[in-house]
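Undergrad: For reference, the sequence and a predicted model appear below.
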Amino acid sequence: MNFAESLRALADKILHINEAEELTKAHVEHPEDLVFQSGSKGATQGLQSIAESVKNPGAITIKWDGYPALIFGRGVDGQFIVCDKHMFNKKDGSGHVTSPQAFAEYDRARGIVRGDLEHIIARIWPGLEKSYSGKGFYWGDLLFHQPLKDEGGLYKFKANPNGIAYTIEADSEIGHLIGGKVGGIAVHQYIPAEANNVQYAQLLNGGIGNLKNNSNVAIVPAKMPMVPKLKVTQKDINAVQQVINKNGAAADAWILNPPAGVKTTFPLMCTVYINKKIVSGNLDNLVSDFYEFFKTRPMSEPIRAKLTEHFKQNEAGINAAFTIWIAVYNLKMKVVPQLDQAAAASPVKGYLQDGTQSQEGFVSHGVKLVNRMGFSRQNLAGRA
């Protein structure tokens, strides 16, 4: 088992993500899933994000499939740190480690060994520190952690064992950027110096902020190498808005007015269900299968009783919410293949495990545009 595989396996065993934390402002959501977060208002927000992406494709960025995610930079005290999200969010500040040795000691104090991560952190730490002299933090995904070999004019790497395998043309702008580097990290968000939680993260929209590419670690921007040309008609957009308008009130009654005590877990339950449908490879029977999923969802009996009654009173709302979900999803899936086609013509190419050419996805106007039956299905299935 290599570093990425051992680290991913360990993370799946020991990192139980707090549900509320996953729904922070820092979490970039699928546009179709916003209906489960904010009802019809969320669905309209998702639709508008898709529409704005079509109008302004130059703002669309690549969602790099790196691993692990790292946060680095300086807080108000000026000390340089490198850590992961969970370390960064520690309320007592103990996760804000200020040296590679402290990173390793932090893990040992928890009785955890994350493969070769402590050695990788030691290798890339000086380069990350050299790349930034200011205050504030940058959040990105590690793409590679050893020099890449030129294989017939291509650099090849795969950070996530369940994800995307990349090839990058060595004789390209990004190829020149990563050539000869000991590591590379794709940055996507900035966190203010005074922040102690990732919920204050701000999207970089394809740039690298105030970072400098002046070290042996490549700071890789998320900007697409070429601007895609997208074809989605106003008629398509209006049709989805009509679906939202027709079904919004019923969906809101179900989603926005849950019984007392279940509000924080209700949106996540819907997302977990959708992910299970994605892994199954079948989006048919969304409503009936949701009821079956609910029957096996772990929860206390009082909560189950409250939700069961709530569902009985809002059968129309459940149908309405999933009707909205599939309408937004289908519109998004008119856009994603066009983005994949544009990326396929660029120096940066990605491949699924079956050889299908695809990126993890793209980010635009606050949402992620991902082929969930491609990358998401492969990634989720690999972690099951």
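TA: Sure, I can see it. Residues are numbered from 1 along each chain as shown.
Undergrad: going forward, measure contacts between C-alpha atoms and count neighbours the same way
TA: Noted.
Undergrad: can you pull out the strands in the chain?
TA: In the chain, the segments counted as strands under DSSP state E are 61-62, 69-74, 80-83, 136-144, 154-157, 165-169, 183-191, 202-203, 217-220, 348-351, 362-364, 367-369.
Undergrad: Going by neighbour count, list what's buried in stretch 140-152.
TA: 140, 141, 142, 143, 144, 145, 146, 147, 148, 150 (16 or more other Cα atoms under 10 Å).
Undergrad: which stretches of the chain have low pLDDT?
TA: Low-confidence segments of the chain (pLDDT under 70): 1-26, 264, 383-384.
Undergrad: quick check: domain ranges of it?
TA: Annotated domains of the chain cover 30-61+228-383, 69-220 [automatic domain parsing].
Undergrad: got the contact list for residue 43?
TA: Shown in contact with residue 43 (Cα atoms under 8 Å, 6 or more residues apart in numbering): 31, 32, 33, 34, 35, 244, 324, 325, 328.
Undergrad: The fourth one and residue 49 touch, don't they?
TA: When you say that, I think you mean residue 34. No: in this structure, residue 34 is not within contact of residue 49 by Cα atoms under 8 Å, at 11.0 Å.
Undergrad: And for residue 282, the neighbour number?
TA: Counted with other Cα atoms under 10 Å, residues neighbouring residue 282 total 11.
Undergrad: Near the residue nearest to residue 62 when sequence neighbours are not counted, how many other residues are there?
TA: Closest residue in space to residue 62, ignoring its immediate chain neighbours: residue 362 at 4.5 Å, by Cα to Cα, 6 or more residues apart in numbering. If you count neighbours by other Cα under 10 Å, residue 362 ends up with 21.
Undergrad: Look up the residues forming beta bridges with residue 362.
TA: Going by DSSP bridges, residue 362 is paired in beta bridges with residue 62, residue 369.
Undergrad: For residue 283, see how far away it is.
TA: Residue 362 sits 22 Å away from residue 283, taking Cα to Cα, to the nearest Å as the criterion.
Undergrad: Check residue 194 too.
TA: 43 Å.
Undergrad: quick revisit: out of the buried residues of stretch 140-152, which comes closest to residue 204?
TA: residue 140 (10.4 Å; Cα to Cα).
Undergrad: Apart from its chain neighbours, what residue comes closest to that closest one?
TA: Of all residues not flanking residue 140 in the chain, residue 187 sits nearest, at 3.8 Å (Cα to Cα, 6+ apart).
Undergrad: residue contacts, the one you found?
TA: Contacts of residue 187 by Cα under 8 Å, 6+ apart are 138, 139, 140, 141, 204, 208, 219, 220, 221, 222.
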